[in-house]
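> No letters, just coordinates:
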C-alpha cells in the first residue's frame, strides 16, 4: 500500500515536470491545449478501437475458437483509452502506445504472463482450489427464522 502511494506521488511529480518542460518549449497556452486535447482523442480512440476489438471478439466466438487474444487486446485498448483521457503527457504517450497494434502485440505476452503468475493464481483461488456449483439445481429457499445470524 505504501509502495503504491509512493509510486502514485512519483508519477504525479513526473507528469508535472514533463508538463513544465513542454510549457517551456512550446508555451503555456499550447501545453494546456495539448493536455485538454488528449481527452476527446482518448474517447474517440476508445470508441473506435473498442468497437473493432468487440467485432474481433464476436468473430472469434462465432468461429468457435477461444478469444484469449481478443480479450487481452480489449483490456489493453480500454487501458490505453483511459490513459489518454487522464491529463498528462506521460499517460498520453503510454495510452497511445497501448492503442497502436504493433506495441499492443508486444505488451500482450507480458500481460498474459503476469495473469498466469503464481501470485495471481493463488490470489484468485476459491475454496481451496475447488469451486462448488449447483449444477443439478438442488438449491431451495429457506425461511428467514431458519437462518442463523
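Now that the structure is in, tell me what you want to look at. Values in this document were obtained by computation on a predicted structure and should not be read as measured data.

> So which bits of the lengthiest helix in the chain are buried?
Across the chain, the longest stretch assigned as helix under DSSP state H is helix 28-62. Neighbour counts over helix 28-62 (16 or more other CB atoms under 10 Å) mark 31, 34-35, 38, 41-42, 45-46, 49, 53, 56-57, 60 as buried. Placement of C-beta: from N, CA and C, glycine included.

> In which helix or strand does the residue nearest to residue 31 when sequence neighbours are not counted reside?
In space, and not counting its chain neighbours, residue 31 is closest to residue 23: 4.2 Å by CB to CB, 6 or more residues apart in numbering. Under the criterion of DSSP states H and E, residue 23 resides in helix 2-26.

> so that helix versus helix 28-62, what angle?
The directions of helix 2-26 and helix 28-62 differ by 130 degrees, with axes from the mean of the first three to the mean of the last three CA atoms, to 10 degrees as the criterion.

> any idea how far helix 2-26 is from the chain center?
21 Å (CA atoms, centre = their mean, to the nearest Å).

> Any buried residues in it, and which?
Buried residues in helix 2-26 (16+ other CB under 10 Å): 15, 18-19, 22-23.

> Touching, residue 87 and residue 37? I think so.
No: counting by CB atoms under 8 Å, residue 87 does not reach residue 37; the two are 10.1 Å apart.

> now, among the buried residues of helix 28-62, which is nearest to residue 78?
residue 46 (6.9 Å; CB to CB).

> measure the residue positioned nearest the centre of the chain to residue 97 for me?
Among the residues of the chain, the one closest to the centroid is residue 79, at 3.5 Å (CA atoms, centre = their mean). As for residue 79, its distance to residue 97 is 11 Å (criterion: CB to CB, to the nearest Å).

> Kindly report the same for residue 111.
Distance from residue 111 to residue 97, by CB to CB: 13 Å.

> Show me the shaky parts of the chain.
Applying pLDDT under 70 to the chain flags the ranges 117-137, 139, 142-149.

> one more time with 80, if that's ok
1, 112-149 (pLDDT under 80).

> State the distance from the residue nearest to residue 31 to residue 16.
10 Å.

> same deal with residue 94?
Taking CB to CB, one finds residue 94 at 16 Å from residue 16.

> With residue 101 instead?
From residue 101 to residue 16 the distance is 31 Å (CB to CB).
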